[in-house]
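Chemist: Sequence below, structure please.
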Amino acid sequence: MSDGSTGTDRSAMEPTAVTAAFWEALYRHDWDDVASFFGEESIYFDVPTGPATSAKGPDDIVARLRLGLDTVSGHDHGPRTVVISDPPVVMTEHTEIWHWPGGESATLPFVSVQHVTDGIITMWKDYWDYNTLLGAAPAEWQERLFTADLHWIHDATGHPDI
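Modeler: A predicted model of the protein is given here:
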């Protein structure tokens, strides 16, 4: 399946290769490339915030990601990553290190569960500790998080994969 924005065809790729390419795009903050991994029905569910604050479709998933990541000065993948795959599901245990311009940083352990069909991530669930992030993030970042435009919110409560 080819995405509509870049024409990238990942349909022949193994799910683990799709998710590996996705993570590379995310850590580059290449938002156009990130969007190309999702279809119009794709869901991003940030588990700590609940299914009612999910995002659906490429544009809204990217808007959701940018809410947290646009103002960080650095976004690194930790040194160890474990990938387990039972296609179409890929589970990635990893650590993200977020840095802010004022010198603050947060080390966030994650488990990401991604369902990949025909080269498209159709469901992405992130498991992590919200309090770890809020405990380290600067006040201005938190203020932006709580007052930003949330047009992207999609209530995925009741979705069969959640």
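Chemist: Need the residues that contact the lowest-mean-pLDDT helix or strand in the chain.
Modeler: Of all the helices and strands that make up the chain, the one with the lowest confidence by mean pLDDT, DSSP states H and E is strand 74-77; it has a mean of 92. The set of residues external to strand 74-77 that reach it, using Cβ atoms under 8 Å, 6 or more residues apart in numbering, is 23, 27, 29, 69, 94-99, 105. For the C-beta atoms, the positions are set from N, CA and C on the backbone; glycine is no exception.
Chemist: again, only this time at 10 Å
Modeler: Strand 74-77 has contacts (Cβ atoms under 10 Å, 6 or more residues apart in numbering) with 23-24, 26-29, 68-69, 92, 94-101, 105, 107, 110.
Chemist: likewise stretch 134-149?
Modeler: Around stretch 134-149, the neighbours that count as contacts under Cβ under 10 Å, 6+ apart are 48, 63, 66-68, 70-72, 98, 100-108, 129, 133.
Chemist: Repeat the analysis, applying 7 Å as the threshold.
Modeler: Contact with stretch 134-149 is made by 67-68, 71, 100, 102, 104-106, as judged by Cβ atoms under 7 Å, 6 or more residues apart in numbering.
Chemist: Now for D155, how many residues are close by?
Modeler: Residues within reach of D155, counting by other Cβ atoms under 10 Å, total 12.
Chemist: circling back: now, which of the contacts of strand 74-77 lie within strands?
Modeler: With strands identified by DSSP state E, the entries of the contacts of strand 74-77 that belong to them are 92, 94-99, 105, 107, 110.
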